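got a predicted structure plus its sequence, pasted below:
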Amino acid sequence: MKPIISASELASESAGARPPVLLDVRWTLGGPPGRPAYEAGHLPGAVYVDLDAELAGPPGEGGRHPLPDPESFGAAMRRAGVRADRPVVVYDGGLGWGAARAWWLLRWTGHQDVRVLDGGLAAWPGELSTEVPEPEPGDFVPKPGGLRLLDADEAAALARSGLLLDARAAERYRGDVEPIDRVGGHIPGAHSAPTTENVTDGGLFLAADALRGRFAALGATEAAEVGVYCGSGVSGAHEVLALELDGIPAALYAGSWSEWSSDPSRPVATGPDPQ
């Protein structure tokens, strides 16, 4: 099953006998909260999920968006109506980062039928709703381990023995600027692979041939061992999603640069080259 769904496919499924659970995960790095935008208009039946409060644990040594406690995450998903036997579709405002974080967490905790709306809310052709639904509680119980996860030491080792991709903007990878974390640069051995280059200007994923060519040029193939990190584990989930579209399984370093750079003893590389 493809991890994304088009707006036309979603419209058809939503009108069917077994419509998916819809989760609205609008979120912007450093931007305003997504709840007001959700209340102003969302896909009919969609439930708002707060990325900072429900898809991440408290910021700290594990980074700015550490993984949430599985029990707390499961409770949030059950409140949103998520069931183990019902498909889930997640969307956001268009970048796909918030939606991909929800997709990754649900897949990591064992849900088998989760897709991201390609292009996000902007791709939806139908009317929006301001009605806030009260879904029947779901029964989803998280069982972590469905996707591969890296810690800091494993990410460093993969940068030496396999392929570690840095999904942040190229200027942050190089260390030219660092607007958020303690220091700029990248994990030594990691390759720059900005998430924004996986999609068109309209936020839709690149066509299969273009996506395959992009990852092949980076050395990412089905035979390679691939890992991904970003600033805090959000946009990196979008890169994992893009790699899955190309048939390449990839592990996520969830702590990402916000965790790595918080420890002054960890090495930092700067400039355009991995080392």
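Okay, I see it. Numbers count the residues shown, from 1 in each chain.

residues contacting residue 97?
Listed by CB atoms under 8 Å, 6 or more residues apart in numbering, the contact set of residue 97 reads 27, 29, 195, 234-235, 237-238. Just so you know, the C-beta spots here come from the backbone N, C-alpha and C atoms, and that holds for glycine as well.

next one: it from residue 79, what distance?
22 Å (CB to CB, to the nearest Å).

cool, and residue 19?
Taken as CB to CB, the span from residue 19 to residue 79 is 18 Å.

spell out which two among the contacts of residue 97 are the most distant pair, please.
Spanning the widest gap among the contacts of residue 97 are 27 and 195, at 14.1 Å by CB to CB.

CA-only coordinates of stretch 149-162, as CSV, when you get a sec.
Taking C-alpha atoms only, stretch 149-162 is exported to CSV below (Å, rounded to 0.1, in the frame of the first residue of the first chain):
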residue,chain,number,x,y,z
LEU,A,149,14.5,4.0,15.1
LEU,A,150,18.1,5.3,15.7
ASP,A,151,19.7,6.8,18.7
ALA,A,152,22.6,9.3,18.6
ASP,A,153,25.3,6.6,18.6
GLU,A,154,23.6,4.5,16.0
ALA,A,155,23.2,7.6,13.8
ALA,A,156,26.9,8.3,14.1
ALA,A,157,27.8,4.7,13.2
LEU,A,158,25.4,4.7,10.2
ALA,A,159,27.1,7.9,8.9
ARG,A,160,30.3,5.9,8.7
SER,A,161,29.1,2.5,7.6
GLY,A,162,26.0,3.4,5.5
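
so where is the chain shaky, pLDDT-wise?
Across the chain, nothing is flagged by pLDDT under 70.

so what are the domain limits for it?
4-123, 149-260 (automatic domain parsing).

hmm, residue 18 is touching residue 87, no?
Yes - counting by CB atoms under 8 Å, residue 18 touches residue 87, with 7.4 Å between them.

compare these two (neighbour count), which wins?
More crowded of residue 18 and residue 87, by other CB atoms under 10 Å: residue 87, with 17 against 8.

stretch 99-115 spans what distance, first to last residue?
Using CA to CA, to the nearest Å, the end-to-end distance of stretch 99-115 comes to 9 Å.

can you pull the buried residues of it?
Judged by neighbour count (16 or more other CB atoms under 10 Å), stretch 99-115 contains these buried residues: 99-111, 114-115.

swap in stretch 251-263?
Buried residues in stretch 251-263 (16+ other CB under 10 Å): 251-262.

quick one: which of the domains of the chain is nearest residue 266?
domain 149-260 (5.5 Å).

ok, the residue nearest to residue 150 when sequence neighbours are not counted to residue 169 distance?
Leaving aside its chain neighbours, residue 150 sits nearest to residue 253 (4.2 Å; criterion: CB to CB, 6 or more residues apart in numbering). Using CB to CB, residue 253 is found at 17 Å from residue 169.

and residue 63, by the same measure?
18 Å.

and what of residue 189?
According to CB to CB, residue 189 and residue 169 sit 19 Å apart.

swap in residue 204?
Residue 204 is 20 Å from residue 169, by CB to CB.

can you check residue 127 too?
Counting by CB to CB, the gap from residue 127 to residue 169 is 35 Å.

of these two, which one has the most company?
Neighbour comparison, residue 127 and residue 169: the larger count goes to residue 169, with 18 against 8 (by other CB under 10 Å).

pretty sure the more buried one contacts residue 196?
Yes - look at residue 169 against residue 196 with CB under 8 Å: they come within range, at 7.2 Å.

in terms of contact, does residue 88 touch residue 20 like I think?
Yes - the criterion here is CB under 8 Å, and residue 88 meets it with residue 20 at 5.8 Å.

shared neighbours of these two, which are they?
Common neighbours of residue 88 and residue 20 (CB under 8 Å, 6+ apart) are 113, 115.

the two: which is more packed in?
Using other CB under 10 Å, the more surrounded residue of residue 88 and residue 20 is residue 88, with 25 against 19.

ramachandran angles for the more buried one?
phi -120, psi 140 (degrees, to the nearest 10).

please apply the same query to the one 10 residues further on.
When quoted as degrees, to the nearest 10, the phi and psi of residue 98 stand at phi -60, psi -40.

brilliant, that's me finished.
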